Each structure stands twice: as structure tokens, then as C-alpha cells.
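K.L.:
predicted model and sequence below, questions to follow.
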Amino acid sequence: MTENPIFERATRFLSALRHCQVLGLSVHSASQEGLTVILPYSAQIIGNPQTGVIHGGALTTLMDTACGMSTLCVLPEFEVCPTLDLRIDYMHAAEPHKDVYGFAQCYRVTTDVIFARGFAYQDDPGQPIAHVVGTFMRMGKAIKGTKGFGGAVAGGVK
């Protein structure tokens with residue numbers, strides 16, 4: 001099996017974020033073109049108990065995480081890149097009892113800001129649940145107080 005350093009770094013990134021662990025997010029695929037994260041359907045993320053529809057906050061977290069993680073696909077080394085701005089256009093509700101996939105890619109990288117876009121879908125990427133665009137601030141590799149997190153993502157050190 002071919003080693004995929006982007007996939008491995010993205011997997012380490014998710015494992016370092018507690019809210020992603022609680023939601024059960026996992027990396028489906030990752031390459032220089034972008035990545036896909038899976039949000040598994042569960043009772044904990046239901047927004048409407050009568051219909052079983054997923055809460056919008058869970059979808060927002062999926063897409064913010066996917067877009068933020070897409071920076072791992074374009075940067076040669078891990079950098080802390082918090083969300084500056086995120087816009088999500090919801091197209092329709094997710095179907096109950098189905099996992100949701102979040103695809104994201106970076107389309108422009110500057111010295112200070114990274115621009116990302118993506119979409120959430122279930123069975124068919126051509127029928128998105130939501131579209132998203134976001135900007136992420138490049139804060140660099142060495143930020144005081146983030147050595148443990150950055151080291152865990154960059155090199156797998158816990």
C-alpha cells in the first residue's frame with residue numbers, strides 16, 4: 001500500500017481535536033486536490049427528533065473542519081490556520097440515517113490567508129446538502145502554547 005502523508009497528517013489532525021472525536025469524524029480521502037471527511041449519522045447529532053434530521057451545527061462543524069483541514073493538502077508543513085470567515089449555503093436537509101461527506105479544497109494560498117471551498121453531500125456529490133467557502137489565517141508553524149498540538153499533527157508526537 002502506498003503511503004499518503006497528507007492522509008496521515010489529516011488523520012492525526014482529527015485525532016487531536018476532541019469535538020471531532022465526539023462527532024466521530026474520520027478522513028475518507030486526502031490528496032493535494034482536497035480532502036473528504038465523514039460525519040457518521042448518530043442519535044447524538046439529531047436536530048429534530050420527530051424527523052431524525054441532522055442538526056445544522058453538526059454540519060457546520062463538519063464543513064469548518066474539512067475546510068480548515070484542506071490547508072494540510074497545500075502547505076508543505078503543518079501551520080496553525082484558524083477560521084477567519086465561513087459561509088455555508090444550505091441547499092436541503094440531510095436524509096436521516098445516512099452519513100454525510102464533507103469535501104473541501106484550497107483554491108488560493110497567500111502569505112497570510114488561505115481560501116477554501118467545498119460541499120457536503122450524502123449519496124451523490126452532484127446533489128449537495130450545502131456549499132461552503134471560508135478563509136483561514138496563516139499563523140505559522142511555531143505559535144506559543146501550540147507545540148503539543150502542532151507536534152502531534154506534524155509528526156505524530158503526542
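P.N.:
Cool, got the structure. It should be emphasised that the depicted structure is a prediction, and the values quoted were computed from it without experimental measurement. Numbers count the residues shown, from 1 in each chain.

K.L.:
use CA for all of it now, contacts and neighbours both
P.N.:
Will do.

K.L.:
quick check: the residue in the chain sticking out farthest from the centre vs residue 87, distance?
P.N.:
In the chain, counting by Cα atoms, centre = their mean, residue 50 sits farthest out from the average C-alpha position, at 28.2 Å. Applying Cα to Cα, to the nearest Å, the value for residue 50 to residue 87 is 28 Å.

K.L.:
what about this structure, any weak spots by pLDDT?
P.N.:
For the chain, the stretches with pLDDT under 70 are 1-2, 142-158.

K.L.:
can you map out the strands along it?
P.N.:
26-31, 34-39, 46-48, 53-54, 83-90, 100-109, 113-121, 130-137 (DSSP state E).

K.L.:
which strands or helices does the fourth one pack on?
P.N.:
When you say that, I think you mean strand 53-54. If contacts are counted by 3 or more Cα pairs under 8 Å, 6 or more residues apart in numbering; DSSP states H and E, strand 53-54 sits against strand 46-48.

K.L.:
tell me which strands and helices the strand it packs on is in contact with?
P.N.:
Strand 46-48 is packed against strand 53-54, with contacts defined by 3+ Cα pairs under 8 Å, 6+ apart.

K.L.:
quick check, central residue of this protein?
P.N.:
In the chain, the C-alpha closest to the average C-alpha coordinate belongs to residue 66, at a distance of 1.6 Å (Cα atoms, centre = their mean).

K.L.:
so that residue sits against residue 103, correct?
P.N.:
Yes: using Cα atoms under 8 Å, residue 66 is in contact with residue 103, at 6.5 Å.

K.L.:
what is in contact with the two at once?
P.N.:
Residues touching both residue 66 and residue 103 (Cα atoms under 8 Å, 6 or more residues apart in numbering) are 35, 36, 37.
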